[in-house]
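>>> Quick one, what's the 3D model for this:
(one chain, ligands or ions: 2)
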Amino acid sequence: MIKEQSPTMESDKQTPIRIALLGCGVVGGAVATLLTANAADLAARVGRPLQLVGIGVRRLDRDRGLDLDPALFTLDSEELVTRADIVVEVIGGIEPARSLILRAFEHGASVVTANKALLAEDGPTLYAAADAAGVDLYYEAAVAGAIPLLRPLRESLAGDDVTKVLGIVNGTTNYVLDKMDSTGAGFTEAVEAAQALGYAEADPTADVEGFDAAAKAAILASLAFHTRVSAQQVYREGITEVSAADVQAAKDMGCVVKLLAICERSEDGGVGVRVHPAMIPRTHPLAGVREAFNAVFVEADAAGELMFYGRGAGGNPTASAVLGDLVAVARHRVGGGRGPGSPPTPTCPSSTWATRARATSSA
Ligand SMILES: NC(=O)C1=CN([C@@H]2O[C@H](COP(=O)(O)OP(=O)(O)OC[C@H]3O[C@@H](n4cnc5c(N)ncnc54)[C@H](OP(=O)(O)O)[C@@H]3O)[C@@H](O)[C@H]2O)C=CC1
Ligand SMILES: N[C@@H](CC=O)C(=O)O
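Ligands and ions are numbered 1, 2, ... in the order given. Below is the predicted model of the structure:
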């Protein structure tokens, strides 16, 4: 028998889910553009329209080169989050992002964020606050841009034992090292090119000193090993000490220099997480990861070795991951449930060890 839909059910379907966007830079600009351009498809996938109700920024007079209603922009992000069902946080950094996310939870809004720095520093506070408020916190875009990596770790591999996660998780440094290797460009010139392409963080120190990769490694280790690892617990070396001569020496030895993030679980249950440049043979699959691409290997007891590859930085690739989360969270709101956004309760000891890399450490 076909059930007749009541007028209330029908009108519910027309009620928009209100989206507040915090930040309209490289990622936020792409999110706003795709959200607007793909509105009809997104509404069909969610079951209700997604309505962008406001965009919180720092400078109202900035020329963003975007075709968006100027009335959407506001300097009052604190007020904006109180009139949204879902808040998308793409400001970055610790404050005011943390306070705004907590305020969104207090007002019953779910949050989608790309902010790895905040998650790696204070994730547990945010997960607990989302739990207490009964809302979602999703963050697929925080690690490896467009690559679906966190959801497979958290959900698809939940029945397996992950033993190692290893790879290239910072697009800027991979771009810089690749340019130095392939064109002989200098370090500064290559960093400036990465900034112009929207890959680098607002302060590129976070990229070149390895802080960004360390934050991502902390998130990966936490999800992979069901534990809590903070960015401060990750051994970290950036690429600022890697000279053109080092890159050439590696080349002469049939190797290439890459910034690697390595998360390992030891036999005794300890967890080691480290980020450092390493020379890898040109025949290794990671050696072929060029420009701002990322690649991550995951080893699990039953699954064996898995490889994830794709664009790890940039506006549209990162917006793809943000919108995927947005659709998932919006569907929960339509269906009245919550998804498995936060890492599960730790089941593995949280003690970490970090081993210093040898200059010729191989992947
Ligand atoms: N760029 C990338 O490739 C990727 C970035 N990410 C993450 O996404 C987030 C955003 O990065 P990205 O878009 O590159 O950063 P941008 O620096 O390009 O943009 C930041 C935005 O936040 C706004 N903003 C800054 N401070 C405030 C404030 N106090 N109140 C309100 N708005 C503010 C800025 O406003 P205004 O425009 O007015 O200055 C700007 O629109 C970060 O967490 C980053 O780590 C994740 C994956 C990839
Ligand atoms: N600055 C980051 C952006 C994405 O996370 C990077 O270069 O990977």
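>>> so where's this protein uncertain?
1-11, 337-363 (pLDDT under 70).
>>> Check it for its longest helix and report it.
Longest helix of the chain, by residue count under DSSP state H: helix 315-335.
>>> Buried ones in that helix, by neighbour count?
315-333 (16 or more other C-beta atoms under 10 Å). Using the backbone N, CA and C atoms, a C-beta is placed for each residue, glycine as well.
>>> now Tyr138, nearest residue through space, not along the chain?
Asp325 (3.8 Å; C-beta to C-beta, 6 or more residues apart in numbering).
>>> tell me which parts of this protein are close to ligand 2?
Contacts of the chain with ligand 2, taken as C-beta under 6 Å from any ligand atom, map to 145, 170-172, 199-201, 207, 212, 312-313.
>>> Within reach of ligand 1, which of these are there?
Answer for those near ligand 1 (C-beta under 6 Å from any ligand atom): 145, 199, 201, 313.
>>> all strands of the stretch 251-363 of the chain, in order?
Using DSSP state E, counting those that start in this stretch, the strands of the stretch 251-363 of the chain run over residues 255-265, 271-281, 293-300, 304-311, 352-353.
>>> Which one of those strands lies nearest to Val46?
Minimum separation from Val46 across the strands of the stretch 251-363 of the chain (C-beta to C-beta) falls at strand 304-311, 24.2 Å.
>>> Okay, now the sheet partners of that closest one, with direction.
strand 293-300 (antiparallel) (DSSP bridges).
>>> List of residues touching the partner strand?
Residues outside strand 293-300 that contact it (C-beta atoms under 8 Å, 6 or more residues apart in numbering): 144-145, 147, 149, 152-153, 157, 160-171, 174, 220, 224, 285-286, 289, 305-313.
>>> Show me which of these are buried.
Here, 16+ other C-beta under 10 Å leaves 144-145, 147, 149, 152-153, 157, 162-171, 174, 220, 224, 286, 289, 306, 308-313 buried among the contacts of strand 293-300.
>>> how close does Glu201 get to Gly272?
25 Å (C-beta to C-beta, to the nearest Å).
>>> ignore the last one, Ala196
36 Å.
>>> of these two, who's got more company?
Gly272 (19 against 9; other C-beta atoms under 10 Å).
>>> how about the helices in the chain?
Counting by DSSP H, the helices of the chain are 7-14, 26-37, 39-46, 77-80, 97-106, 116-133, 150-151, 171-183, 187-196, 205-208, 211-225, 244-252, 315-335.
>>> contacts for stretch 102-114?
By C-beta under 8 Å, 6+ apart, stretch 102-114 touches 20, 27, 78, 81-82, 84-90, 92, 97, 101, 119, 125-126, 129-130, 132-133, 135-139, 141-142, 318, 321-322, 325-326, 329, 332-333.
>>> For the nearest residue to Leu260 once chain neighbours are set aside, which residues count as its bridge partners?
Counting by C-beta to C-beta, 6+ apart, Ala278 is the residue found nearest to Leu260 once chain neighbours are left out, at 5.0 Å. Taking DSSP bridges as the rule, Ala278 bridges to Lys258.
>>> so Ala278 makes contact with Lys258?
Yes: between Ala278 and Lys258 a contact is recorded at 6.2 Å, counting by C-beta atoms under 8 Å.
>>> Identify the spatial nearest neighbour of the most centrally placed residue in the chain, chain neighbours not counted.
For the chain, the residue nearest the mean C-alpha position is Ala142 (1.2 Å; C-alpha atoms, centre = their mean). Nearest non-adjacent residue to Ala142, counting by C-beta to C-beta, 6+ apart: Lys116, 4.0 Å away.
>>> got it, and Ala300?
In space, Ala300 is closest to Asp160, 4.2 Å off (C-beta to C-beta, 6+ apart).
>>> quick one: the one you found and Ala302 touch, right?
Yes: in this structure Asp160 lies within contact range of Ala302 using C-beta under 8 Å: 4.8 Å.
>>> Indicate the residue of the stretch 151-300 of the chain located nearest to ligand 1.
Ala202 (4.1 Å; C-beta to the nearest ligand atom).
>>> what's that residue sitting at in phi/psi?
phi -50, psi -40 (degrees, to the nearest 10).
>>> Against Arg282, how distant is it?
34 Å.
>>> Using the record's assignment, carve this structure into domains.
Listed domain ranges for the chain are 7-146+315-335, 150-311+347-353 (source: automatic domain parsing).
>>> Relative to Val87, how far out is the residue nearest to Tyr138?
Using C-beta to C-beta, we find Asp325 at a distance of 12 Å from Val87.
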